[in-house]
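Colleague: Here's a sequence, model it:
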Amino acid sequence: MFTKDSIQARILKANILNIVLLVLLIGILFNISIGIYIQNQTISQFNEIAQSVQGALRNHPNKFPEPTRNRNTALLVFGALDRVLKNYTSILDAQYILINNDKIAIPTFENTLDEIIFNQQLLTQIPENHFDEQKNLIAIKTKEMNYMGMIIPILNARKLQLGWVIIYSDTSKVNSLRIVINVILIAILFFSMALTIIYSIYTSKKISRPFSVINQHLNELSKRNFHKTIHIEANDEIIELIHNINFLSQKLRKYEEDQATFLQNISHELRTPLMSIQSYAEGIKYHVVEDHENASDIIIQETKRITDLVEQLTYLSRIDTVEGEYHFETSELDGILWSCIDCVKGIALKNNKKIVYDTVSDTIKINADPEKLSRAIINILSNCIRHAKTTIAIKMETQEDKVIITIEDDGEGFLDHELQNIFTRFYKGQNGHLGIGLAITKEVIDAHHAEITAENSSLGALFIIHFPR
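Modeller: Residues are numbered from 1 along each chain as shown. The predicted model follows:
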């Protein structure tokens, strides 16, 4: 949705602001640059004209002639100046005025009254020092026009000053050219701005669209609709975000399905022993069951079964909360394994099964939480004892920077479709329990930055744990 605070609106406003600032910056820098360039080119051309004028008049008499008194000499002087100026064809429509040593303008053959008045303004620019050989830039502004020029001292071949020549040009043509160039530039910039804004609208919409879709999908997730996934074309971080959200949806859906399965299984698991307890308790009460001792044993056995189930559920809940915080310390891995074997040895002997432990001679120490790690290994051993025929084999060995523990039984092994769900919470395999014990094991092993896998060996089920050293 397009609102003033939406991502699309903010991107669009930022782009428009950047475009406007860029247009202003280009316009200002362009005008400054073109002004400096024209000024430098004008001065350079005036200097070239000055050198040519000085060379053209160097061989003339000791003073500038009056056109009314010495027409032939005046024609030579003015003709030389005209030829010099004609050699410079540019936007500078250069004109000239001759000034003698008495600072009197020498009229040309066709001087008008306006030119005579204008010449009087130019005379005020003549330096006081008659022998100043420096070329001086001048600027004269009238009501109609702006003029820029240069005062050029003229010396003859004997280094005697003849007077001055003032070369001047109306800069209005230059200013008109600058105005035309600016109009063209503004038209180009506004056209570019329009195209850029249109493209910004398109890109901002394209950038914001994935977020709108993601927002809608998250809204669906909040309604526990985990079956939908996001399908949209995107790149880089956005596509990674979409993949992660889709993965989260799948995990939540799987978790919800597992919870539903768990509730069904736990209902079944609890119903059976509770019905058994209720039946024998009622039988004892109403004197239906004569063998009270056997009935009591069954009630105790089923009660213990329920207790173990509740205890596992409580433990699984604890490791997901602050109460399940780990307390790591340097521990001997061999000692932990022996204590785990001692805990389950009685159950193994009761079921006519043996546990064989093959260990390395060196003491191996790792950073671990002994209580939780022992719980994880006991869960594996209990699973193996339940499915083994006669033997459970434990082996520990070292390889470079890791310690490998393998626990193997000689039972029927795993079915192919069970392998990928062995450590999934509440997954109940064939002849298995509720899928709590191995799920706890997986979480504890992961918390120790270790890795556990399950596979089928030539004998039966095989669990492999890789601990970093």
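Colleague: Tell me where the protein has strands.
Modeller: 94-100, 105-106, 136-141, 146-155, 161-170, 329-332, 354-358, 365-368, 391-399, 402-409, 451-456, 461-468 (DSSP state E).
Colleague: deepest of the ones you listed, which one?
Modeller: Most buried of the strands of the chain, by mean neighbour count (mean count of other C-beta atoms under 10 Å): strand 161-170, with a mean of 22. In this view, the C-beta of every residue, glycine as well, is placed from N, C-alpha and C.
Colleague: taking the mean pLDDT, what do you get for it?
Modeller: Averaged over strand 161-170, pLDDT sits at 75.
Colleague: Check which helices and strands that strand is in contact with.
Modeller: helix 7-57, strand 94-100, strand 136-141, strand 146-155 (3 or more C-beta pairs under 8 Å, 6 or more residues apart in numbering; DSSP states H and E).
Colleague: what angle separates the shortest one from strand 146-155?
Modeller: Translated: strand 136-141. 150 degrees (axes from the mean of the first three to the mean of the last three C-alpha atoms, to 10 degrees).
Colleague: Next: the second one.
Modeller: Direction vectors for strand 94-100 and strand 146-155, defined by the same axes, to 10 degrees, enclose an angle of 40 degrees.
Colleague: repeat for the first one
Modeller: Helix 7-57 runs at 30 degrees relative to strand 146-155, counting by the same axes, to 10 degrees.
Colleague: so what does helix 7-57 touch, helix or strand wise?
Modeller: Using 3+ C-beta pairs under 8 Å, 6+ apart: helix 7-57 touches helix 71-86, strand 146-155, strand 161-170, helix 172-222.
Colleague: possible to save those as TSV with distance to residue 462?
Modeller: Below are the helices and strands packed on helix 7-57 laid out as TSV (distance: least, C-beta to C-beta, whole Å):
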stretch	distance to residue 462
helix 71-86	104
strand 146-155	97
strand 161-170	99
helix 172-222	38
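Colleague: Show me what residue 451 is bridged to.
Modeller: Residue 451 has these beta-bridge partners by DSSP bridges: residue 466.
Colleague: dump the residue contacts of it.
Modeller: Shown in contact with residue 451 (C-beta atoms under 8 Å, 6 or more residues apart in numbering): 445, 465-466.
Colleague: Any chance of a markdown table for those residues, columns distance to residue 239 and pLDDT?
Modeller: A markdown table is the format used below for the contacts of residue 451 (distance: C-beta to C-beta, whole Å; pLDDT from 0 to 100):
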| residue | distance to residue 239 | pLDDT |
| --- | --- | --- |
| 445 | 32 | 92 |
| 465 | 35 | 94 |
| 466 | 32 | 93 |
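Colleague: so which of these comes closest to residue 238?
Modeller: Of all the contacts of residue 451, residue 238 sits closest to residue 445, with 34.2 Å by C-beta to C-beta.
Colleague: distance of that closest one from residue 301?
Modeller: According to C-beta to C-beta, to the nearest Å, residue 445 stands 31 Å off from residue 301.
Colleague: Can you say which of the helices and strands packed on helix 7-57 is packed in most?
Modeller: Note that of the helices and strands packed on helix 7-57, strand 161-170 is the most buried (mean count of other C-beta under 10 Å), with a mean of 22.
Colleague: Kindly calculate the angle that that one makes with helix 7-57.
Modeller: Using the same axes, to 10 degrees: strand 161-170 against helix 7-57 is 150 degrees.
Colleague: from the chain's centre, how far out does strand 161-170 sit?
Modeller: Chain-centre distance of strand 161-170: 65 Å, with C-alpha atoms, centre = their mean, to the nearest Å.
Colleague: and that strand, which strands flank it?
Modeller: Counting by DSSP bridges, strand 161-170 is paired with strand 94-100 (antiparallel), strand 146-155 (antiparallel).
Colleague: Let me see the contact set for the closest residue to residue 358 other than its chain neighbours.
Modeller: Excluding the flanking residues, the one nearest residue 358 by C-beta to C-beta, 6 or more residues apart in numbering is residue 395, at 4.5 Å. Each residue near residue 395 by C-beta under 8 Å, 6+ apart is listed here: 357-359, 405-406, 408.
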